[in-house]
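>>> After the sequence you'll find the predicted model.
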Amino acid sequence: MRKRAAVLCGAVVVVAGSFTALPADASTAQTSPTASAAKLTWKGCGTTDYPTLQCASLKVPLDHDNPHGRQITLALSRVPHTARKSQGPLLVNPGGPGGSGLSLAGFVASSLPKSVASQYDVIGFDPRGVGQSKPALDCKPGYFNPVRPDSVPSTPALEQANLTRAKSFAAACGQKYAGLLPYINTIQAVRDMDSIRAATGAPKTSYFGYSYGTYLGAVYAKLFPERVKRLVLDSIVDPTGVWYDDNISQDYAFNARHQALMAWIAKYDSTYKLGTDPAKIEAKWYAMRKALAKKPAGGKVGASELEDTFIPGGYYNGYWPYLAEAFAAYVNDHNSDPLVEAYDNFAAVDASGDNGYSIYTSVQCRDAAWPRDWNQWRKDNWAVYDKAPFMAWNNAWYNAPCAFWPTHYKHPVSIANHKLPPVLLFQATNDAATPYEGGATVHRLLARSSFVVEQGGGNHGITLSGNACLDKYLADYLASGQVPRSGGQIDAVCPKLPDPTPLSAKAATTSAGGSALHGMVGFHG
């Protein structure tokens, strides 16, 4: 769930069981004034890909419990319905926290069958603090500039260097945004969503969220169950582990996906010439990591940046051929140029990434309790590293500012809900960013949900990404509310898409783009 190499990151325990039905700033959500009187003025902002896209802005309270206090501005996008009869708004969110949703409206509207998309006003939005919403946070520009200290704190000096970075980021956020940070959290964002609904004039809204967007949708449904028409959650956050425990679960899952990449490379030894034994190929990868820790490729891809570069492969296997090419070139030909190119494509952080990370930390550090004793982090992450080294410490440092965050934490919301209409859930069995257990848990907690599983799939964000079986269930549900029912723990199973094949010689010289969806959803969580 991170922006850029953006994963839910972390270590183990402390929030389990600490739930409240309605947290303090949500206790008046049903009765406090909303933006119902606001009027949205939509203007054309179409792009080549999405020519019918429209944009608007909406002022909302910084603190929804003080509706007449300071106002902030949300940036919205829309593809309007064209059918004679409208089903109302369909809010969409790509995840994060920190992901921009403006382009997602165009993507969803153009990817659904026209007969379905035409029935909805598909609305994207930049959540508070994100992208074109105002103000947009950027706590410490250039925080991820290379070359960072090695993520694995194998010496006291390395641990101290990484700790100093994390503390400095938390301090910078507190100094720049002291008046904003208490209100950058999931609950306030959810109440923003209801302000968007109210501003459209619709009594109910439908919602479609990926990754962290599934948690956003589940919390919205808890606070405003009577305002939900349809609810689709794809690649589902485990709400019982937000956020420290969830990050530990990710570490194990990403390690498994990294090993799946090694096995895929072994299958194509004739192309990559790295061997046919996945374990030996993995050893070569760690040898590459060790070498880069001493001499960064191109002066910017050190050990931590190498991890950043390969983590996206855990989100989307469409990146595997590019990563394998870079790996093979470095090991076999002593050529680091493809590795530097892969870093630039998949891991380098620009101003948008700085903004996304600022919101990621602001939301996650505020949403739930994190250990304030660094000894707890050290113990937990070394325990993870012993079994799943690939992302353990990289993930820990990504979240480490939460150990020093300048605002107090809130209690997570129990999303258990029996007041909703049928809900549709999608989950891949081998998803690393939001492991399978999260989907199974939410299926148990949402009384009328239907659970569709992509068997053997390992990508993060699985609908509208080429799997016709999954997309048929999605389209049927959005069109009519119809969901599959089996009477068992899983309501429908779809086979996964085939793994990619190596690039052709011509394709290998071009830059990697990935699918449109994974460009928006990938690296958020």
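Cool, got the structure. Residues are numbered from 1 along each chain as shown.
>>> where along this structure do the strands fall?
For the chain, applying DSSP state E gives strands covering 43-44, 54-61, 71-79, 89-93, 121-126, 205-211, 228-236, 423-428, 449-455, 492-495.
>>> right, and those - which one's nearest F346?
Among the strands of the chain, the nearest to F346 by C-beta to C-beta is strand 205-211 (17.2 Å). (Each C-beta comes from the backbone N, C-alpha and C, glycine too.)
>>> Could you list every helix and strand in contact with the closest one?
For strand 205-211, the packing partners by 3 or more C-beta pairs under 8 Å, 6 or more residues apart in numbering; DSSP states H and E come out as strand 89-93, helix 186-200, helix 212-223, strand 228-236.
>>> R70 - nearest residue in space that isn't next to it in sequence?
L62 (4.4 Å; C-beta to C-beta, 6 or more residues apart in numbering).
>>> Let me know how buried that neighbour is, in neighbour terms.
By the measure other C-beta atoms under 10 Å, the count of residues near L62 is 18.
>>> can you tell me which residues contact it?
69-72, 180, 183 (C-beta atoms under 8 Å, 6 or more residues apart in numbering).
>>> Also L76?
So L76 contacts 40, 55-58, 102, 123-126, 196 (C-beta under 8 Å, 6+ apart).
>>> now it: how far from A136?
Distance from L76 to A136, counting by C-beta to C-beta, to the nearest Å: 15 Å.
>>> re the thing from before, turn the helices and strands packed on strand 205-211 into JSON lines, columns for distance to S168, mean neighbour count and mean pLDDT.
Formatted as JSON lines, the helices and strands packed on strand 205-211 follow (distance: least, C-beta to C-beta, whole Å; neighbours: other C-beta atoms under 10 Å; pLDDT from 0 to 100):
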{"stretch": "strand 89-93", "distance to S168": "30", "mean neighbour count": "28", "mean pLDDT": "98"}
{"stretch": "helix 186-200", "distance to S168": "25", "mean neighbour count": "24", "mean pLDDT": "98"}
{"stretch": "helix 212-223", "distance to S168": "25", "mean neighbour count": "28", "mean pLDDT": "98"}
{"stretch": "strand 228-236", "distance to S168": "32", "mean neighbour count": "26", "mean pLDDT": "98"}
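>>> Turn these into CSV, including distance to D277.
Converted to CSV, those look like this (distance: least, C-beta to C-beta, whole Å):
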stretch, distance to D277
strand 89-93, 42
helix 186-200, 44
helix 212-223, 37
strand 228-236, 31
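>>> Out of these, flag the one nearest P296.
Proximity to P296 (C-beta to C-beta) singles out helix 212-223 among those, at 31.1 Å.
>>> That closest one - contacts with which helices or strands?
Helices and strands touching helix 212-223, by 3+ C-beta pairs under 8 Å, 6+ apart, are strand 89-93, helix 186-200, strand 205-211, strand 228-236.
>>> Using PDB, write out the CA atom coordinates for it.
Below are the C-alpha coordinates for helix 212-223, written out as PDB (Å, rounded to 0.1, in the frame of the first residue of the first chain):
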ATOM      1  CA  TYR A 212      -6.700   0.600   0.700                       C
ATOM      2  CA  GLY A 213      -9.800   1.800  -1.100                       C
ATOM      3  CA  THR A 214     -11.500  -1.400   0.200                       C
ATOM      4  CA  TYR A 215     -11.000  -0.200   3.800                       C
ATOM      5  CA  LEU A 216     -12.200   3.200   2.800                       C
ATOM      6  CA  GLY A 217     -15.300   1.600   1.400                       C
ATOM      7  CA  ALA A 218     -15.900  -0.700   4.300                       C
ATOM      8  CA  VAL A 219     -15.600   2.200   6.800                       C
ATOM      9  CA  TYR A 220     -18.000   4.300   4.700                       C
ATOM     10  CA  ALA A 221     -20.500   1.400   4.700                       C
ATOM     11  CA  LYS A 222     -20.200   1.200   8.500                       C
ATOM     12  CA  LEU A 223     -20.800   4.900   9.100                       C
END
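>>> Report the angle between that helix and helix 186-200.
Interaxial angle, helix 212-223 versus helix 186-200 (axes from the mean of the first three to the mean of the last three C-alpha atoms, to 10 degrees): 70 degrees.
>>> Many thanks, we can stop here.
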